[in-house]
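Chemist: What would the 3D arrangement of this be:
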Amino acid sequence: MSSQKKIVIGLFGFGVVGEGIYKVLQKTPALQARIKKICIKDPSKKRDAPAELFTTDYNDLLEDEEINVIVELISNAKEAYTIVSTALIKNKSVVSANKKLIAAHLPRLIELQRKHNVSFLYEAAVCGSIPIIRNLEEYYDNDLLQSICGIVNGSTNYILTKIREENLDYQQALLQAQQRGFAEADPALDVEGKDAVNKLTILLAHAHGIITDPNEILHRGITQIQNTDAIIALEKNVQIKLIAQAKKLANNKIAAFVLPQFVTIESQLYNVRNEFNGVVIESSLSDKQFLYGKGAGRYPTSSAVLSDISALRYNYSYEYRKLNNPENRNELSTDFYLKIYVSFKAWSDIDLNDFDFTEEIYCQRGRQYLTGVIHYEKLKNADWLSDNNVSVIVCPDGIIENTDTVKLKSTSLQLPGVEVLV
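Modeler: Below is the predicted model of the structure:
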């Protein structure tokens, strides 16, 4: 067994999570970790810790040779990159919860930790208290992993839960999420799917050995979901969830995206409610395994950060085994199809020619609806995808490699003035 080392921490940020880390370390001497200095922005703010711990100067932490671990818990990704990259260059290991920073700069950060023989851990950046990264690193470090599919953003899941269970509209549900502390005053990062795609980008590196830019992955949030969509979901006994997924296709190709999706009662994700996260991992041998827990908040995030700090006592680091495996040939695919449900106000809002075929077309409650199959690239590049009048939801088992495998159905309703070919 590796010998334990003492951890001396420089902490950036003393918000909800930072204060939680400080208090837990005070009560857990067995961790052999102490905070020597905390960098904050506003020195006038009253904080529940000795004043001598605080500083506004980065260098008080980064230049201190006794500090061997930097814990970065700030929201500004640009500042966080400066802090983290400088710390790694100065031979300090780093623990971070900043998924935007990691998704945008992972190749450079991997290079720095290797060059300077230190660790960069970030379990808290994805799914809070759920140990998803460590599981992918240690348990699924082989090529038998088939898919990873999950609810990775608690804010959007809370909003969708309230829309379904309390019949709130989107704005009401968002306001309640903000009042409960599950959504930020500016919720764009969450509700537009950006937070989820940052997390999926990180998971792709550990699950399939793929490094990519988050902007290369199709992602959309929940802002266009209508109450009528929720009513239809209720009638069909499915849930609407914002799902991040990566599925292995033929020839080591990976289909990856973040989109709202209909989830059936047979799925483990069906009963993931409110601010909770859930991830289903599927492999060739172990079939499906389900991880569930709170994805955000003081204690779930603190739990993941503390787990990383504890691991550093044994010099633990991610090995990126799939990334480093010369036989790994996984790459993102853009050549597959999605079966989607679309609702919209008027037929001029969408382009039917983008679809390979449609299965259902109908009108109800003042909106038009269709279910059809569309090529991934066509959907990603469709102008109407960003239209606030158009709601797009992936159907269950909606990833299709070849349209020849799909049984075509007749349209259930022929609308006046609209020619539909199936």
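
Chemist: The stretch 1-150 of the chain: strands as residue ranges?
Modeler: 7-12, 33-39, 54-55, 69-72, 93-96, 120-121, 145-151 (DSSP state E, counting those that start in this stretch).

Chemist: Strand partners (parallel or antiparallel) of the fifth one?
Modeler: To tie it back to what came earlier, the one meant is strand 93-96. The strands beside strand 93-96 in its sheet (DSSP bridges) come out as strand 69-72 (parallel), strand 120-121 (parallel).

Chemist: Identify whichever of those lies nearest to Ala304.
Modeler: In terms of Cβ to Cβ, the element of the strands paired with strand 93-96 nearest to Ala304 is strand 120-121, at 9.3 Å. C-beta: built from backbone N, CA, C; applies to glycine.

Chemist: now the closest one: how far from the chain's centre is it?
Modeler: Once both centres are worked out by Cα atoms, centre = their mean, to the nearest Å, strand 120-121 turns out to sit 18 Å from its chain's centre.

Chemist: What are the contacting residues of that strand?
Modeler: The contact list for strand 120-121, computed with Cβ atoms under 8 Å, 6 or more residues apart in numbering, reads 84, 88, 93-96, 109-110, 112-113, 308, 311-312, 316-318.

Chemist: are any of those buried, and which?
Modeler: Among these, the ones that count as buried by 16 or more other Cβ atoms under 10 Å are 84, 88, 93-96, 109-110, 112-113, 308, 311-312, 316-318.

Chemist: and the longest helix for the chain?
Modeler: Counting by DSSP state H, the longest helix found in the chain is helix 99-115.

Chemist: Now do that one: which elements does it pack against?
Modeler: Under the contact criterion of 3 or more Cβ pairs under 8 Å, 6 or more residues apart in numbering; DSSP states H and E, helix 99-115 touches helix 77-89, strand 120-121, helix 194-208.

Chemist: So, low pLDDT: which residues of the stretch 301-422 of the chain?
Modeler: In the predicted model, the stretch 301-422 of the chain carries pLDDT under 70 at residues 404-422.

Chemist: how about the helices of it, start to end?
Modeler: Counting by DSSP state H, counting those that start in this stretch, the stretch 301-422 of the chain has helices at residues 321-324, 376-381.

Chemist: In the longest one, which residues are buried?
Modeler: When neighbours are counted by 16+ other Cβ under 10 Å, the buried residues of helix 376-381 are found to be Tyr376, Lys378, Leu379, Lys380.

Chemist: From those, pick the one nearest Gly209.
Modeler: Proximity of the buried residues of helix 376-381 to Gly209 (Cβ to Cβ) peaks at Tyr376, which lies at 21.0 Å.

Chemist: residues touching that closest one, list them.
Modeler: Contacts of Tyr376 by Cβ under 8 Å, 6+ apart are Leu218, Ala255, Phe257, Ser333, Thr334, Asp335, Phe336, Tyr337, Leu338.

Chemist: pretty sure the last one is touching Pro396, no?
Modeler: It refers to Leu338. No. Using Cβ atoms under 8 Å as the test, Leu338 is too far from Pro396 to be in contact (11.8 Å).

Chemist: So these two - more neighbours on which side?
Modeler: Leu338 (23 against 13; other Cβ atoms under 10 Å).

Chemist: Identify the residue spatially nearest to the more buried one, adjacent ones excluded.
Modeler: Leaving aside its chain neighbours, Leu338 sits nearest to Gly398 (5.2 Å; criterion: Cβ to Cβ, 6 or more residues apart in numbering).
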